[in-house]
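Engineer: A structural model of the following input is requested.
(chains A, B and C)
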Amino acid sequence: MSWTDERVELLKKMWGEGQSASQIAKELGGVTRNAVIGKVHRLGLSNRATGASPAKAEPKEKPAPAPKAEAKPKPAPKTEPARPAPAPEAKPAIPARRQIIPAGQPLPPQPSANEISPEALAKVNEIEKKAKKLTLMELTEKTCKWPVGDPATEDFWFCGLPVEAGKPYCEAHVGVAFQPMSSRRDRRR
DNA sequence: CCCTGATTCGC
DNA sequence: GCGAATCAGG
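Structural biologist: Now for the predicted structure:
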């Protein structure tokens, strides 16, 4: 497989969406995550902007004997031939949440707006948009099993994002799923 | 062990 | 330019 325009664009798109290199590689097919990462670097779009967690700017020691000449006069005109709209289904933003709870049936973990760090909640809402919206059958040991929406309606799916090693949920959902049941450790950052 | 991205370097 | 191997971390 080679990096055709289309493939590169999908790569850019997904990388921009915060998808992991492995996910992108899986999607593209025929390439490994290494290939994706390598390409990402060559394209010069290594750092992503997720608005959360990039607070780590390290003064990388670069001996660089050669005076790098950075030139970026490209507003990127971009030639869009024809995008066959890669998005199969387009769910308009946030699906209205039912307030009515169907009697019986084990309710999803949905923490009842407890005392969860607003930080974590915000994060959840944030990633909920990026959720892969998987169905029950699509879940694996590596996909976040956090349920979203009302199981009794169509507005129901599972997060599906990569789980936090070992846990059943992705990082964001782990944050609201496993809360301080008693004491709260000092949280400084 | 699972995963993540970053870097190197032979091709 | 490419990407496997490797590195460094979570």
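Engineer: Only C-alpha atoms from now on, for both contacts and neighbour counts.
Structural biologist: Will do.
Engineer: Test my guess that residue A:1 contacts residue A:31.
Structural biologist: Yes - taking C-alpha atoms under 8 Å as the definition, residue A:1 is a contact partner of residue A:31 at 7.2 Å.
Engineer: okay, the two: which has more neighbours?
Structural biologist: residue A:31 (16 against 8; other C-alpha atoms under 10 Å).
Engineer: And residue A:32, how far from residue A:148?
Structural biologist: Per C-alpha to C-alpha, to the nearest Å, residue A:32 is found 31 Å from residue A:148.
Engineer: quick one, which of these two is more surrounded?
Structural biologist: Ranked by neighbour count (other C-alpha under 10 Å), residue A:32 and residue A:148 place residue A:148 first, with 19 against 16.
Engineer: From residue A:40, how far off is that one?
Structural biologist: 32 Å.
Engineer: again, but for residue A:144
Structural biologist: From residue A:144 over to residue A:40 (counting by C-alpha to C-alpha), the distance is 26 Å.
Engineer: quick one: is the lowest-mean-pLDDT helix or strand in chain A near DNA strand B?
Structural biologist: Lowest by mean pLDDT, DSSP states H and E among the helices and strands of chain A is helix A:118-128, with a mean of 79. No - contact of helix A:118-128 with DNA strand B (C-alpha under 7 Å from any atom of the strand) is absent, the minimum separation being 14.9 Å.
Engineer: Which positions within that helix qualify as buried?
Structural biologist: By 16 or more other C-alpha atoms under 10 Å, the buried positions in helix A:118-128 come out as A:120-121, A:123-124, A:127-128.
Engineer: now do stretch A:38-45
Structural biologist: In stretch A:38-45, counting by 16+ other C-alpha under 10 Å, buried: A:39-40.
Engineer: Check whether that stretch comes near DNA strand C.
Structural biologist: Yes - Stretch A:38-45 reaches DNA strand C (C-alpha under 7 Å from any atom of the strand) through A:38-39, A:42.
Engineer: Among those residues, name the ones in helices.
Structural biologist: Among these, DSSP state H puts A:38-39, A:42 in helices.
Engineer: could I get those residues as TSV with pLDDT?
Structural biologist: Shown next, in TSV, are those (pLDDT from 0 to 100):
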residue	pLDDT
A:38	94
A:39	94
A:42	92
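Engineer: Skipping adjacent residues, who's closest to the single nearest residue of chain A relative to DNA strand C in space?
Structural biologist: With C-alpha to the nearest atom of the strand, the shortest gap between chain A and DNA strand C falls at residue A:35, namely 3.6 Å. In space, residue A:35 comes closest to residue A:25 once its chain neighbours are excluded; the distance is 7.8 Å by C-alpha to C-alpha, 6 or more residues apart in numbering.
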